[in-house]
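1. give me a model of this one.
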Amino acid sequence: MVSPLLYPDLALLDSLLTIGLPPRITAMTGIDAMVHAIESYTTRLKQNPLSEAFGLSNSLVLVPVLAFNLNSAKARYADLGRAMLPGEAAYDDETAANFFLSAIRNLVAEMPYEQTLRSAGVAESDLPMLATDAMKVQRLLVNNPRDVTFDDALAIYQAAF
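-> Predicted coordinates:
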């Protein structure tokens, strides 16, 4: 369900509130927050200095999606990579962007939750349905740094499988 009535006016993010949660849920909560930060920084539409500043502080998204968007968001990924590297200005876009992708891939691999759709109980036969459903969410797809076709969505799900 999507409705402007469901959008929050304010979100308070306090990592201390996750202390009592199981590690798996805490990790998923952190990853979700970082996904939104990367989306806000790399979005094709509605960029602004405030979202860019917050996006540079917090970042993460599903690794196959990052890899899919690498060439279209290379300069943005490079900014994020440089923010993670010492002497950040010394790295060219290619090196910094690939460092960012690698760092996120390593971070996600350390998380205490399922790492693939398969291990989360998704059947391979469900991937075309997931790709079809993803294509219906144009309000999100128009913000992606790269245009996404059904074949692209299916390839992303296959990479995550």
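2. pretty sure Arg118 sits against Phe161.
-> Yes - with contact defined as C-beta atoms under 8 Å, Arg118 reaches Phe161; the gap is 5.4 Å. Using the backbone N, CA and C atoms, a C-beta is placed for each residue, glycine as well.
3. neighbour count for the two, which is higher?
-> Phe161 (17 against 12; other C-beta atoms under 10 Å).
4. which stretch of helix or strand covers the residue nearest to the more buried one when sequence neighbours are not counted?
-> Distances taken as C-beta to C-beta, 6 or more residues apart in numbering put Leu117 closest to Phe161, at 4.7 Å, once the chain neighbours are dropped. According to DSSP states H and E, Leu117 maps onto no helix or strand at all.
5. what about Leu117, neighbour count?
-> Count around Leu117 with other C-beta under 10 Å applied: 19.
6. could you point out which element follows the worst-scoring helix or strand of the chain on mean pLDDT?
-> Counting by mean pLDDT, DSSP states H and E, the chain has its least confident helix or strand at helix 49-57, which shows a mean of 52. Going down the chain from helix 49-57, the next helix or strand is helix 63-69, by DSSP H and E.
7. helices or strands up against that following helix?
-> The contact analysis (3 or more C-beta pairs under 8 Å, 6 or more residues apart in numbering; DSSP states H and E) places helix 63-69 against helix 93-109, helix 150-160.
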